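[1] okay, sequence plus prediction incoming.
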Protein chains: 2
Amino acid sequence: MDRETTIMNRPLTPRGAATKRRIVEAAAELIHARGAEHVSLDDLMEITNTSKSQLYHYFANKEALVRDVIDLQTGRIVAANAAYLGALDSFTALRAWGDMVVAAYRAGGGVGGCPLGSLANELSSRSEDARLQLKQSFSTWATVIENGLRRMRQDGRLRPDTDVGGVAVAMVAAVQGGILLAKTARDARSLECAVDMALAYVARHAA
Amino acid sequence: MDRETTIMNRPLTPRGAATKRRIVEAAAELIHARGAEHVSLDDLMEITNTSKSQLYHYFANKEALVRDVIDLQTGRIVAANAAYLGALDSFTALRAWGDMVVAAYRAGGGVGGCPLGSLANELSSRSEDARLQLKQSFSTWATVIENGLRRMRQDGRLRPDTDVGGVAVAMVAAVQGGILLAKTARDARSLECAVDMALAYVARHAA
DNA sequence: TTCGTAGTGGACTGTCCAGTCCATTATGTG
DNA sequence: CACATAATGGACTGGACAGTCCACTACGAA
């Protein structure tokens, strides 16, 4: 949510804002690698050089911290996708998007998989708030893709009757499933297969 | 693994075998709904009317119990898929498989998603043993699909150069990703979109 | 029937961890 | 400078939970 207040909704000083940011970023990294339930507040205190009181000064509880982490990761993923899809104007550009997805996975060493996917799996059946937030994250992500596809449709590259919304959702699903299999096998091949399928699915709607 | 011995590798009497089976089946159900880490041994003791000693009489530890649960769920999923893919002989039959996947998801009320997918997400970065076991589960599942596709290729329904292995992996990925999005949104539409994509991907290789 | 082992009961331990509480130090604004 | 409030330190609590241990009961084979 807002990264600029304490739990009492008080404004932060520059020092406080820096501390809060440091905590959220470290939490994002650790949670990506281990999952939210396996990052203890003591872990966080240690690697961010903070105390228990600080965590509870900036966040109402652990759940609120996770909320901020999800926001951070959503922003990162949407930005990375928008960079490739914002000006989607050809199948070549789409291929570049697919390569980026695989490269991003490889860059993380396969550790943790997708920050959103892992959290969705972990939290969606335990916290209704987290589930709704992650549902929104996926929706935003799919919308970014959908907008790119819609532009291709307007440009006459995709057939007029193409269900860009459905295709976009399927593409996100392909990425999520591919990453899950890849992280289980510790081999990016599954993700490559899934991305190939997603790209072929778009190509199938070519005008 | 073997469901027929105690931790000391001693054979079980009928009564013992029944108790062990009761524990594994109840654990499978609870773990599917909540995840392995959120099923305590006390939970299991309560719903199976057993005591702590019994759990440790039949299983070396919780990890061993989860191992048996993964085996059980893998067997169920592979059997369900083989029933539809074992005699895969047309695109209509493939569509029936897709419908079965969606129906199976709906039957579970969207609770917990795929038993294997959820566990893979939860365990693959925490237990190397579990990761390898689940990798094998996914591999077996994909092989069942692959064999069906290979038969279609032999029958001349798919082009000779079709990479049945890659397509099969992509299909499993589509199912996994679709289920993840569906359980996050509590709406089977994502899974339907993903399954449509998977079926279209096979159709794309039609001879 | 007897005896060894399978099967069962349940108390207890040690550890991990979110969250509470009270105290002290830093900061910026009037 | 003074004082209100932000920022920080860290001990303590209570609960959850895997795993241990010892005692007791049921059963099947000799």
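    Happy to help now that I have it. Numbering: from 1, shown residues only, chains lettered A, B, ... in the order given.
[2] give the contact list for the residue in chain A positioned nearest to chain B.
    Chain B sits closest to residue A:177 of chain A, with a gap of 3.0 Å, by Cβ to the nearest Cβ. In short, each C-beta sits where N, CA and C put it, glycine included. Residues in contact with residue A:177 (Cβ atoms under 8 Å, 6 or more residues apart in numbering or on different chains) are A:194, B:172-178, B:180, B:194.
[3] gap between it and residue A:197?
    From residue A:177 over to residue A:197 the distance is 10 Å, taken as Cβ to Cβ, to the nearest Å.
[4] ditto for residue A:93
    Note on residue A:93: its distance to residue A:197, by Cβ to Cβ, is 18 Å.
[5] then residue A:68?
    34 Å.
[6] just residue A:145 next, same as before
    15 Å.
[7] residue contacts, the closest residue in space to residue A:137 that isn't next to it in sequence?
    Leaving aside its sequence neighbours, residue A:137 sits nearest to residue A:74 (Cβ to Cβ, 6 or more residues apart in numbering or on different chains; 4.1 Å). Neighbouring residues of residue A:74 by Cβ under 8 Å, 6+ apart: A:116, A:137, A:140-141.
[8] where does chain A dip in pLDDT?
    For chain A, the stretches with pLDDT under 70 are A:1-10.
[9] how about the residues of it near DNA strand C?
    A:13-15, A:38-42, A:52-53, A:56, A:61-63 (Cβ under 7 Å from any atom of the strand).
[10] JSON lines please, covering the contacts of residue A:177 and showing distance to residue A:85 and secondary structure.
    Converted to JSON lines, those look like this (distance: Cβ to Cβ, whole Å; DSSP: H, G, I helix; E, B strand; the rest coil):
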{"residue": "A:194", "distance to residue A:85": "17", "secondary structure": "helix"}
{"residue": "B:172", "distance to residue A:85": "26", "secondary structure": "helix"}
{"residue": "B:173", "distance to residue A:85": "20", "secondary structure": "helix"}
{"residue": "B:174", "distance to residue A:85": "20", "secondary structure": "helix"}
{"residue": "B:175", "distance to residue A:85": "25", "secondary structure": "helix"}
{"residue": "B:176", "distance to residue A:85": "23", "secondary structure": "helix"}
{"residue": "B:177", "distance to residue A:85": "18", "secondary structure": "helix"}
{"residue": "B:178", "distance to residue A:85": "21", "secondary structure": "helix"}
{"residue": "B:180", "distance to residue A:85": "21", "secondary structure": "helix"}
{"residue": "B:194", "distance to residue A:85": "19", "secondary structure": "helix"}
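[11] drop anything exposed from these.
    In the contacts of residue A:177, burial by neighbour count holds for A:194, B:172-178, B:180, B:194, counting by 16 or more other Cβ atoms under 10 Å in any protein chain shown.
[12] other residues contacting the helix or strand hosting residue A:97?
    Here residue A:97, judged by DSSP states H and E, is contained in helix A:91-107. Applying Cβ under 8 Å, 6+ apart, the contact partners of helix A:91-107 are A:80-81, A:84-85, A:87-88, A:113-114, A:157, A:175, A:179, A:182, A:188, A:191-192, A:195-196, A:198-199, A:202-203, A:206.
[13] so of these, which ones are in helices?
    Those of the contacts of helix A:91-107 mapping onto helices are A:80-81, A:84-85, A:175, A:179, A:182, A:191-192, A:195-196, A:198-199, A:202-203, per DSSP state H.
[14] skip the chain neighbours and tell me the closest residue to residue A:155.
    Closest residue to residue A:155 apart from its sequence neighbours, by Cβ to Cβ, 6+ apart: residue A:89 at 6.7 Å.
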